[in-house]
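Peer 1: any chance you could fold what I've pasted below:
(one chain, ligands or ions: 1)
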Amino acid sequence: MVLNPVISKLSGKLVVLASASPRRLEILRNAGLRFEVVPSWFKETLDKRLFKSPQEYAVETAKQKALEVARRMPFKHLKTPDIVIGADTIVTVDGLILEKPVDKDDAYRMLSRLSGKEHSVFTGVAIVLCHEKENEEIDYQLIDFYEETKVKFADLSEDMLWEYINSGEPMDKAGGYGIQALGGMLVEFVHGDFLNVVGFPLNHFCKQLDLIYNRCPFSSDEESASVELHHNSSHTTLIESQHSSKLPPQSTHSPIIFTKDNLSSSPRSNSPPGSQTHQKSPSVKRKGSESEVGESSRTLVNSLSKHTDKREIQGSNHTLPTMTSRGQLIEFNVTEHEDSEPKKEDLQQIIQLMDGFKASKALFTASKMGVFDLLQRKPGLDAAQVAQEIKAAVKGTEGLLGACVSLGLLQSKEKSSQRPVYKNTDLATRYLWSDSPFSLHGYIQHCNETLWPLFSHLESAVREGTNQHERAFGKKANDLFQDTYYNNQSVKLRFMNAMHSIAKVTGKAVATAFDLSSYKTACDLGGCTGAIAYELTKAHPEMSVTVFDLPEVVEMSEHFHPSHTDNRVSFVAGDFFKDELPKADLYILARILHDWPDEKVHILLKKIGDACTPGCAVLLAETMLDGQTAYSALQGLNMLAQTEGMERTESQYADLLSKHGFGDTRVVRTMNFLDAFLAVKM
Ligand SMILES: C[S@@+](CC[C@H](N)C(=O)[O-])C[C@H]1O[C@@H](n2cnc3c(N)ncnc32)[C@H](O)[C@@H]1O
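Peer 2: Numbering: from 1, shown residues only. Next comes the predicted model:
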C-alpha cells in the first residue's frame with residue numbers, strides 16, 4: 001500500500017535506486033516506493049581534499065553514482081528510467097571523513113575515534129530526472145541535497161569495541177557502525193533524522209519530491225536552458241543531453257521516426273508539469289511499478305487498480321469488463337493502435353526475450369567445456385589455441401568465444417594482422433571459473449544438466465501443474481531428493497555443488513540480515529554442505545550450528561569444508577520429516593520450504609514449533625515472490641518444473657508460520673539470490 005501521498009507521485013514511473021545498500025532499499029520500500037535497483041558502477045574514489053566541506057563530497061559522490069546509472073541504462077538495459085536516486089552516507093569527526101572500514105583494524109580506528117564524542121552523519125542525495133526527447137536525446141535534470149544528523153557515542157571500552165567489531169556488523173557501514181542494529185547500543189543520543197544515520201533521509205527526500213511534483217514550476221522542455229533552482233540545501237540543474245541510440249548500428253537501417261502524434265502519455269508519465277512532450281510511446285513496456293502494464297503495438301491492457309489513471313492514447317478506446325474467478329468485476333481498457341510500423345524498442349525487447357535461451361546455453365556450454373577455467377589459467381589465447389585445449393572444432397570455438405564476448409563474459413583483443421586473443425572479463429573472473437571464492441560454476445552446471453531438460457517440458461508443467469522429472473529423466477520423483485538427486489553419486493555431487501555455490505554467494509547476506517546475537521545454538525535443517533552454517537559462525541562468534549541433512553548428504557559434507565575448519569559447525573544425519581530435530585534456539589530453513597507443498601511444510605513447521613520455546617526463532621532464506629521481479633517469477637516456474645513445492649510471498653510464509661506459534665516476522669531483501677525472513681516463537 002502506498003501510504004505517502006508524495007511517494008505516490010512516483011507510482012507508474014520507472015524509478016531506479018542506484019545503490020545496493022539493503023538499508024536504503026528497506027527505508028524506501030517501507031515508504032511504499034516501487035523501484036528497481038541498479039547498483040552504480042561509479043568507484044567512490046573522489047579526492048576528498050578537493051571539497052570545501054564533507055557534505056559537498058557526499059553530494060558529489062551521490063551525484064556521480066546516480067548519473068552513471070542514468071547514463072548506462074539506456075544502453076545496457078535498453079530502457080530509460082524516469083528517475084534515478086543516488087545516495088552517499090559519510091561520518092565526519094575531528095575534520096575527518098570516515099567511510100566504510102576496509103578491515104577490522106580500520107573499524108577499530110574509526111570506532112575508537114568516535115568513542116565518547118559527538119559526530120556528524122551526512123547523507124548526500126541526488127535525484128536525476130531523465131526526459132527522453134523526440135530525437136532520442138535524453139535530458140538529465142539533477143536535484144541534489146544533503147541532510148546532517150548529529151550522533152553522540154558513549155565511552156566504549158576495549159572489550160565492547162572488539163565485541164562489536166567481531167560481530168561483523170561494522171564492515172559494510174559508513175563510520176563502522178549500524179545504528180539500526182547492534183550499533184544502536186553504542187549511541188547515547190541522536191539529534192536529527194534517525195533514518196539519515198541508517199542511510200537515507202526519507203523526510204528530506206519526500207520534501208524534495210513535493211517540490212518537484214507539486215510545486216516546482218521548472219520545465220524540462222527541449223528549449224530549456226540550464227535551470228538552477230535552490231530549495232534549502234538542494235540544488236537543481238539541467239545537466240546535459242545524451243544521445244541514446246538503443247539499437248546497435250547495424251540495426252538502424254530502417255529508422256522509425258517518432259513524431260509528436262505517435263507519442264502519447266504512458267501510465268508512467270506522471271511527470272513534472274511541462275515535461276509531457278518527453279514521454280515515450282506507449283508501446284514501451286516497463287517493469288517495476290504497481291501500474292505496470294504489458295503493452296503491445298496493437299493493444300494496451302491495463303488492469304484497473306488504485307493507480308489506474310485515465311490515459312489519452314491514440315486510436316479508439318473501449319472498456320472490456322471481465323469477471324475474475326472470484327466473481328469480481330475488473331475492467332480492462334483496450335486500445336486499438338493504428339501503428340503502421342513495428343516499434344524498434346518493442347522489437348529489441350522481444351528479440352532479447354527470444355534469444356534468452358541462446359545466451360543461457362552459450363554460458364552453460366562455455367562453462368561446461370572449461371573455457372573460463374582455461375582462460376583464467378592462460379589468458380591471451382586465440383580461438384585455435386582454445387579449441388585445441390578444450391578439444392573442439394576451431395569454427396565452433398570461434399562462434400562460442402564470440403558469443404561470450406558479446407555477452408560480456410570474455411574480452412577480446414585484436415593483435416595487428418593476427419587472430420583476436422581472449423581473456424575473462426572481471427565478471428567471469430569473479431563468478432564463472434570453478435575455483436573462485438564466489439564461483440557459480442556448480443549452479444551453472446545444475447542449470448545445464450537438470451533445469452534445462454526440465455524447462456524443455458515447461459508446457460506440460462503448466463498444463464499439469466506438476467514437476468517434470470519423469471518426462472525429462474524417465475523417472476518419477478516421489479521424493480525429489482532421494483529419488484532423483486541422491487541415487488547417483490555424480491548427480492548428487494553436482495546438486496551439492498550447485499547448492500554450495502549459491503549458498504556461498506548469498507550466505508553472508510542471510511547470516512547478517514538480522515541481529516542474531518541472542519541465539520547461541522542454531523540448527524540448519526537441510527543445511528547441505530554447511531556453507532550457510534560457516535557464514536553464520538563467521539558472523540556470530542558465539543554461535544554454534546548443527547547442520548542436519550539426509551545421511552547421503554552428510555557423508556559427502558567433508559568435501560566442502562572450508563580450509564580452516566570451524567569446530568562450532570557439526571553435522572547430524574537424519575530425516576527432518578521423521579526424526580527428532582537437534583535442540584537449538586534458532587532454526588534455519590534455507591531453500592527448504594519452497595521444495596514442499598503446504599501439507600509437508602506444516603509437518604516440518606510443527607516439529608520445529610514443538611521443539612521451540614518462546615523467544616526461539618526460525619530464519620528462512622527464500623526468494624520472496626512479493627513485488628515480482630523477473631527473477632522471482634521465473635524462480636516460481638523453476639519450482640513448478642522441478643519440485644512439489646513453490647515460491648511463496650512474505651505473507652504466505654507468515655501465515656504458514658503463524659499456525660505453529662511464530663510471529664513478529666521481519667523480512668530483509670538482501671538483493672542477493674535469497675531474501676531473509678525471521679519469525680519468533682511467541
Ligand atoms: C534445496 S536444498 C537447500 C540446501 C541448503 N539449505 C542451501 O540453501 O544451500 C534442500 C536440502 O534439503 C535436504 N533435505 C531434503 N529432504 C530432507 C529431509 N527429509 N531431511 C533432511 N534434509 C532434507 C536436501 O538434502 C538438501 O540439502
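Peer 1: all strands of the stretch 1-150 of the chain, in order?
Peer 2: Along the stretch 1-150 of the chain, counting by DSSP state E, counting those that start in this stretch, strands occupy 15-17, 36-37, 83-93, 96-98, 118-132, 137-153.
Peer 1: what residue in this protein comes nearest to the ligand?
Peer 2: Residue nearest to the ligand within the chain: Gly526 (2.7 Å; CB to the nearest ligand atom). Where you see a C-beta, it was placed from the backbone N, CA and C, and this is true even at glycine.
Peer 1: residue numbers of the chain in contact with the ligand?
Peer 2: For the chain, the contact set with the ligand under CB under 6 Å from any ligand atom comprises 481, 499, 503, 526-528, 549-550, 553, 575-577, 590-592, 595.
Peer 1: switch the cut-off to 8 Å
Peer 2: When proximity is defined as CB under 8 Å from any ligand atom, the chain approaches the ligand at 479-482, 485-486, 495-496, 499-500, 502-503, 524-529, 531-532, 548-550, 552-553, 574-579, 588-592, 594-595, 621, 674.
Peer 1: buried residues, the longest helix anywhere in the chain. List them.
Peer 2: Criterion DSSP state H: the longest helix present in the chain is helix 344-368. Buried residues in helix 344-368, counting neighbours by 16 or more other CB atoms under 10 Å, are found at Lys344, Glu345, Asp346, Gln348, Gln349, Ser360, Ala362, Leu363, Phe364, Thr365, Ala366, Ser367.
Peer 1: doesn't Leu78 make contact with the fifth one?
Peer 2: Just to be clear, that refers to Gln349. Yes - contact status for Gln349 versus Leu78: in contact at 7.1 Å, counting by CB atoms under 8 Å.
Peer 1: now whatever helix or strand Lys395 lives in: mean pLDDT?
Peer 2: Lys395 is part of helix 394-406, with elements assigned from DSSP states H and E. Mean per-residue pLDDT for helix 394-406: 97.
Peer 1: helices or strands next to it in the packing?
Peer 2: On a contact count with 3 or more CB pairs under 8 Å, 6 or more residues apart in numbering; DSSP states H and E, helix 394-406 meets helix 344-368, helix 371-377, helix 383-390, strand 410-413, strand 421-424.
Peer 1: okay, these in JSON lines with mean pLDDT next?
Peer 2: As requested, the helices and strands packed on helix 394-406 are exported to JSON lines (pLDDT from 0 to 100):
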{"stretch": "helix 344-368", "mean pLDDT": "94"}
{"stretch": "helix 371-377", "mean pLDDT": "97"}
{"stretch": "helix 383-390", "mean pLDDT": "97"}
{"stretch": "strand 410-413", "mean pLDDT": "93"}
{"stretch": "strand 421-424", "mean pLDDT": "96"}
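Peer 1: turn the ones you listed into JSON lines, including distance to Thr629.
Peer 2: As requested, the helices and strands packed on helix 394-406 are exported to JSON lines (distance: least, CB to CB, whole Å):
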{"stretch": "helix 344-368", "distance to Thr629": "15"}
{"stretch": "helix 371-377", "distance to Thr629": "26"}
{"stretch": "helix 383-390", "distance to Thr629": "35"}
{"stretch": "strand 410-413", "distance to Thr629": "27"}
{"stretch": "strand 421-424", "distance to Thr629": "28"}
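Peer 1: for Lys173, which of the ones you listed is the nearest?
Peer 2: Ranking the helices and strands packed on helix 394-406 by proximity to Lys173 (CB to CB) places strand 421-424 first, at 31.5 Å.
Peer 1: next secondary structure after the closest one?
Peer 2: Counting by DSSP H and E, the element after strand 421-424 in chain order, helix or strand, is helix 426-431.
Peer 1: check which residues of that next one are buried.
Peer 2: Ala428, Tyr431.
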